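J.: How does the following fold in three dimensions:
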Amino acid sequence: MSHILLVEDDPEINRLLTDFLTENGYQVTSLFNGLHVQDCLARETIDLVLLDIMLPYRNGDRVLADIRRQYTLPIIIISARETTQNKIDLLRLGADDYITKPFDMEEVLARIESCLRRIQFQSAVPKRLQYKNLIFDGEKKYGLPERTGTAPDCEGTGHTGITNEISRQNIFQGQSISKYLEYGVSERR
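T.: The predicted model follows:
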């Protein structure tokens with residue numbers, strides 16, 4: 001069950017959203033101002049924030065900026081401000097989506113589902129990658145056979161250009177693996 005932090009100062013809207021989201025299988029923590037958002041995020045595991053902008057004591061713009069300094073969780077703005085420039089500013093500040101009041105509850109639900117689905121796919125790191133005959137299994141360790149000589153791109157540098165291991169990090173950082181393929185990759189046992 002995903003946990004949503006709802007920050008909305010209007011008691012009626014807060015109650016309606018809390019009831020609707022709870023009925024749709026979400027755990028909801030409600031706040032009515034921006035003062036305690038950071039405390040809540042530090043103490044609870046929150047999956048998504050629904051954030052009003054016009055809040056008492058600490059406005060939503062500042063709350064959004066504060067959250068983005070520490071967290072990458074999705075934030076959906078719910079606001080009565082409907083100017084295009086305001087939407088652009090908040091999206092650039094770090095909001096993932098923007099819903100204008102008044103809103104349809106089903107639309108809010110669909111946008112929440114969309115944001116959570118995106119985060120789920122982004123956090124899922126593949127354990128096995130395959131491209132044609134090349135297979136990378138993240139559960140195995142890979143290394144290169146001991147070779148002597150110099151890789152063609154390192155001639156005259158004093159370096160062999162051969163490393164002992166292909167790490168998952170090297171591949172995900174986009175480093176070239178052509179030298180590994182040229183010199184033969186073997187599974188390390």
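
J.: Where does the prediction get shaky in the protein?
T.: Scanning the chain for pLDDT under 70 picks out 122-128, 136-189.

J.: would you list every one of the strands in the protein?
T.: 3-7, 27-31, 48-52, 75-79, 97-100, 128-131, 134-137, 142-143, 165-166, 186-187 (DSSP state E).

J.: With respect to burial, which of those scores highest?
T.: Among these, strand 48-52 has the highest mean neighbour count (mean count of other C-beta atoms under 10 Å), at a mean of 25. (C-beta placed from N, C-alpha, C; glycine too.)

J.: what lines up beside it in the sheet?
T.: Applying DSSP bridges to the sheet, strand 48-52 is found paired with strand 3-7 (parallel), strand 75-79 (parallel).

J.: Now the ones you listed in a markdown table, please, with extra columns for distance to Leu116.
T.: Formatted as a markdown table, the strands paired with strand 48-52 follow (distance: least, C-beta to C-beta, whole Å):
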| stretch | distance to Leu116 |
| --- | --- |
| strand 3-7 | 9 |
| strand 75-79 | 10 |
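
J.: Spell out, range by range, the helices that occur in the protein.
T.: 11-23, 37-43, 60-70, 84-93, 105-123, 168-172, 178-183 (DSSP state H).

J.: could I get those helices as TSV with mean neighbour count and distance to Ser2?
T.: Shown next, in TSV, are the helices of the chain (neighbours: other C-beta atoms under 10 Å; distance: least, C-beta to C-beta, whole Å):
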stretch	mean neighbour count	distance to Ser2
helix 11-23	15	9
helix 37-43	15	15
helix 60-70	17	17
helix 84-93	13	22
helix 105-123	14	6
helix 168-172	13	26
helix 178-183	15	40
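
J.: Which among these is found nearest to Met54?
T.: helix 60-70 (6.8 Å; C-beta to C-beta).

J.: other SSEs contacting that closest one?
T.: helix 37-43, strand 48-52, strand 75-79, helix 84-93 (3 or more C-beta pairs under 8 Å, 6 or more residues apart in numbering; DSSP states H and E).

J.: Output stretch 71-86 as PDB, nothing but the C-alphas.
T.: Output in PDB follows, covering the C-alpha atoms of stretch 71-86 (Å, rounded to 0.1, in the frame of the first residue of the first chain):
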ATOM      1  CA  TYR A  71      14.100  13.800  -1.500                       C
ATOM      2  CA  THR A  72      13.300  12.500  -5.000                       C
ATOM      3  CA  LEU A  73       9.800  11.300  -4.300                       C
ATOM      4  CA  PRO A  74       7.000  12.400  -6.700                       C
ATOM      5  CA  ILE A  75       5.200  15.700  -5.800                       C
ATOM      6  CA  ILE A  76       1.900  16.600  -7.400                       C
ATOM      7  CA  ILE A  77       0.800  20.200  -6.900                       C
ATOM      8  CA  ILE A  78      -2.900  20.900  -6.300                       C
ATOM      9  CA  SER A  79      -3.600  24.600  -6.600                       C
ATOM     10  CA  ALA A  80      -6.200  27.200  -7.600                       C
ATOM     11  CA  ARG A  81      -3.500  29.200  -9.400                       C
ATOM     12  CA  GLU A  82      -4.000  28.400 -13.000                       C
ATOM     13  CA  THR A  83      -1.700  30.700 -14.900                       C
ATOM     14  CA  THR A  84       0.600  28.900 -17.300                       C
ATOM     15  CA  GLN A  85       3.600  30.700 -15.900                       C
ATOM     16  CA  ASN A  86       2.900  29.600 -12.400                       C
END
